[in-house]
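# build me a model from this:
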Amino acid sequence: EDGDDDDDDGGEDDVDNEWTLRKCSAAGLDSLALAYGPERVLPVLLPCLREGFSSADPWAVEAATLALGAVGPGCRGEMDAHLPQLHPMLLAQLAGPVPQLRSISCWTLGRYAEWAVAEQVSGRRPDVLRTLVERLVVAAQDDHSGVQVAAVSAFGIVVESAGDLLVPLLTPIYQNLLAAL
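I've put the predicted structure just below:
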C-alpha cells in the first residue's frame, strides 16, 4: 500500500470528527488497553510492534507508532521498560520523509509525555525533556500542516505535564513558536 488512501491520519484534508477505519482501530486498541490492562494486551501487542518498527515499509512503521500511542493510557506503566529504546526512535521519525509518520510520531510522543517528565525529574535521562521540546517546536514549523498541528498539540501536552521544568527552555520555545506563526 502506498499510504495515499482516504483513511490516512495526519492528512491536510483530514476532518477531526471524521471516523476513519484507522481512527476506529486506534480507539479500539485504546479501549482494549484500558479495559483489559497491559498484562493481557502487551503479550500480543509487543511482537506486533517489534515487527512493525523493524519493517522497511514506512506504513508498517506508522501503524506500529499509532498502536504504541493508542495503548499509552492503558499500558503506560508497563511500557516504561520499553520507552528508553522507543522514545529516541520516535524522535528520529520526526525528521523522516513521510508526513503521516512525522504526524503520528508527534501524537505518540505526546501520549508518553509524562514518561519524559518522570525521566527528567529522576535524573535518569536529564536531557530527554529538552530534546523532546526542541524536536516538537521544530516540527511545529514543518512544511506539512498536519505535522504542525500534531506537533503543537503534543507540545501542549508536554507543557501540561512538565510545568515549571520548562522555564529554562522558554526563550528557545518562544523563538521557535513565533517562527511557526
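# so where's this protein shaky on pLDDT?
Applying pLDDT under 70 to the chain flags residues 1-17.
# in it, which helix is the longest?
If you go by DSSP state H, the chain has its longest helix at helix 145-162.
# point to the residue nearest the middle of this protein.
Residue closest to the mean C-alpha point of the chain, counted by Cα atoms, centre = their mean, is Thr108 at 1.8 Å.
# for that one, give me its contacts.
By Cβ atoms under 8 Å, 6 or more residues apart in numbering, Thr108 lies in contact with Thr65, Leu66, Leu68, Gly69, Gly72, Leu90. (Each C-beta comes from the backbone N, C-alpha and C, glycine too.)
# same question for Ala118.
Applying Cβ under 8 Å, 6+ apart, no residues contact Ala118.
# check which helix or strand it maps to.
Using DSSP states H and E, Ala118 maps to helix 113-122.
# one more: Ala60?
Using DSSP H and E, Ala60 sits within helix 58-70.
# neighbours around the nearest residue to Ala139 once chain neighbours are set aside, how many?
Counting by Cβ to Cβ, 6 or more residues apart in numbering, Ala139 lies nearest to Ala151, which is 3.6 Å off, once chain neighbours are set aside. For Ala151, the count of nearby residues is 27 (other Cβ atoms under 10 Å).
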